[in-house]
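Chemist: Have a look at this fold, sequence not included:
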C-alpha cells in the first residue's frame, strides 16, 4: 500500500497548483484527463441541451394562438434538425410562420333590380322607367296629374276631427298640422266616427309592422285596410281589390328581355261584375266577341275582369327599385291588353294612361304609365305632389283623400268611361262594310 505521508504530499501539491482566482469560484475544478468527456459524449450533451431548448419553445407555442396542425409541423421540423447544433435566434426566426395579407375582394356589386331596369329599357318594345317629364308631357299624364294635384294636399281633415287629432298626437299636431288642411261640410257624424275609427286602426297596424320589423305579408294587411277604407268612404262599388301575387301573366304580354321578367305585382283594383253597369258591359262584350279575356292574367277569375290600378308592395327595406320594375311589368301587360281590345272591337280611341302605386312600408308613391307614339312604353314617377304615408294620423287622412280622388275621379269616371266604350262598341255599326251586292 502507498505511504500515507506520500499520499498527503501529492494532495498538497495538487491543491497548491490551483489558481487563487479560481479557488473562490463556484465553477467546478478542471477535469483531469481521465474525466474529460469524449467527442461522442460532448455531442450527446449538446443534443440534450438542444432538445430541452426546443421543448421550451414548444411549451411556449402551446399557449399561443397557433393551431394544433402548426404545432405538429414545428415538432416534426425540430426532430429533423435534432442532429444539428444548438439553434440560434436566427434559426427560430427563419422557422416562424409568416402570414401574408390578402387584399379585399373587389368584385363588382350585383344588383338584379338595376339590371332588370336595363333589360326592360333595351327590350324590343322598350319599357323606360323614368322620373316625370319636365317638358313635352303626354296629354293623358297631364290630365291625370292636374286632376289630382288640384285637390290634393289641402282640405283633407274635417274640422270636427281636430280635437281627436290633437289629443292623439300633440307633437305632430303642433308641428305638422296647419289650418289650410281643415275643411267643414255637412258630413254625417256616423261617417266621421267610422273615418276616425279606421284611421286609428290603420295607424296601429302600420306602427306595429314598422316597429316590430314585420314582413311584406304583414304590411299587406295595412294596404288592404287603406284601400277598403277609401273605397267605402267614397261609396265606390265598381272596384274590388284582388291579390295577384301567385298568378301569372300571359307570356305574350311580357317584355322579351331574354331574362325572367315575369314577376308580377301584388294587388290590383279591377272593375267587378257585382256592379250592374260593369256587368252589363261585360255581358255585351261576351255576346259579341265570345269568351275572350279582359286582363293579361291567366287566372280563371281575374282574366275575366278589366284591370284599373296596380299596387306593388314592399317592406321598408324591400327595395324601391324592384317595386318599380315589377309595377312596370304589369302596367305594360295591361296596356298591351287594352291595345288588343281596341283592335278586336275596332274602336277609334287612344289608350289611356294607367295609374299605379309602389308601396314601400309606410310610403305610397304614384306612377303613371303610357304608350308612346313609337310604340314603346314609359313609366313615369314618383310624382312628389302625389305621395302618401301611413306614418301619422294626419298622413293617413291625407292618403285616404288622395286615393279617394284616384278611385272616384280617375278610375270610376275617366278610365271606366273609356273601357265601357271599348267593351260595348258595336263594330258593325261603327265600321260598316263597303261591299254592296251586285244587282
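Modeler: Here it is on my side, so go on. Note that the structure is predicted; figures quoted are calculated from it, not measured. Residues are numbered from 1 along each chain as shown.
Chemist: alpha carbons only for contacts and neighbour counts from here, please
Modeler: Fine.
Chemist: residue contacts, residue 423?
Modeler: Residue 423 makes contacts with 281, 282, 284, 285, 341, 345, as judged by CA atoms under 8 Å, 6 or more residues apart in numbering.
Chemist: if you set the cut-off to 10 Å instead, what comes out?
Modeler: Contacts for residue 423 (CA atoms under 10 Å, 6 or more residues apart in numbering) come out as 278, 280-286, 288-289, 294, 306, 341-342, 344-345, 347.
Chemist: Run a quick neighbour tally on residue 187.
Modeler: Using other CA atoms under 10 Å, residue 187 is surrounded by 10 other residues.
Chemist: wait, residue 198
Modeler: Residue 198, neighbours per other CA under 10 Å, totals 18.
Chemist: Filter the contacts of residue 423 down to the buried ones.
Modeler: 278, 281, 282, 284, 285, 294, 306, 341, 342, 345, 347 (16 or more other CA atoms under 10 Å).
Chemist: wait, doesn't the second one sit right on residue 418?
Modeler: No. Counting by CA atoms under 10 Å, residue 418 is not a contact partner of residue 281; they are 11.6 Å apart.
Chemist: in the stretch 201-350 of the chain, which ranges drop under the pLDDT threshold?
Modeler: 257-264 (pLDDT under 70).
Chemist: rewinding a little: adding distance to residue 373 and secondary structure, write the buried ones among the contacts of residue 423 out as a markdown table.
Modeler: Formatted as a markdown table, the buried ones among the contacts of residue 423 follow (distance: CA to CA, whole Å; DSSP: H, G, I helix; E, B strand; the rest coil):
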| residue | distance to residue 373 | secondary structure |
| --- | --- | --- |
| 278 | 30 | helix |
| 281 | 29 | helix |
| 282 | 29 | helix |
| 284 | 31 | helix |
| 285 | 28 | helix |
| 294 | 24 | coil |
| 306 | 24 | strand |
| 341 | 18 | helix |
| 342 | 16 | helix |
| 345 | 21 | helix |
| 347 | 18 | coil |
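Chemist: Just name the closest of those residues to residue 219, please.
Modeler: The closest of those to residue 219 turns out to be residue 306 (CA to CA; 25.7 Å).
Chemist: tell me the contacts of the closest one?
Modeler: By CA under 10 Å, 6+ apart, the contact set of residue 306 is 239, 269-273, 278, 282, 293-296, 334, 337-338, 416, 419, 423.
Chemist: so what's it bridging to?
Modeler: Residue 306 has these beta-bridge partners by DSSP bridges: residue 271.
Chemist: Report the separation between it and residue 292.
Modeler: 11 Å (CA to CA, to the nearest Å).
Chemist: any idea how far residue 353 is from residue 345?
Modeler: Counting by CA to CA, the gap from residue 345 to residue 353 is 19 Å.
Chemist: Centroid-nearest residue for the chain?
Modeler: residue 318 (2.9 Å; CA atoms, centre = their mean).
Chemist: Confirm that one sits in a helix?
Modeler: No. According to DSSP: H, G, I helix; E, B strand; the rest coil, residue 318 belongs to no helix; its state is coil.
Chemist: And the buried ones among the contacts of residue 423, which is closest to residue 360?
Modeler: The nearest one, if we look at the buried ones among the contacts of residue 423 relative to residue 360 and count by CA to CA, is residue 306, at 25.6 Å.
Chemist: For residue 172, pull up the helix or strand it's in.
Modeler: helix 170-176 (DSSP states H and E).
Chemist: what comes up buried for that helix?
Modeler: residue 173.
Chemist: so what does it touch, helix or strand wise?
Modeler: For helix 170-176, the packing partners by 3 or more CA pairs under 10 Å, 6 or more residues apart in numbering; DSSP states H and E come out as helix 162-168, helix 393-405.
Chemist: Please repeat the previous calculation with a cut-off of 7 Å.
Modeler: If contacts are counted by 3 or more CA pairs under 7 Å, 6 or more residues apart in numbering; DSSP states H and E, helix 170-176 sits against no helix or strand.
Chemist: Past it, which element shows up next along the chain?
Modeler: Heading C-terminal from helix 170-176 (DSSP H and E), you reach strand 182-183.
Chemist: Show me the contact partners of that next one.
Modeler: 155, 156, 157, 158, 159 (CA atoms under 7 Å, 6 or more residues apart in numbering).
Chemist: Report the angle between the helix or strand following that strand and helix 393-405.
Modeler: Counting by DSSP H and E, the next helix or strand C-terminal to strand 182-183 is helix 189-211. Between helix 189-211 and helix 393-405, the angle comes out at 110 degrees (axes from the mean of the first three to the mean of the last three CA atoms, to 10 degrees).
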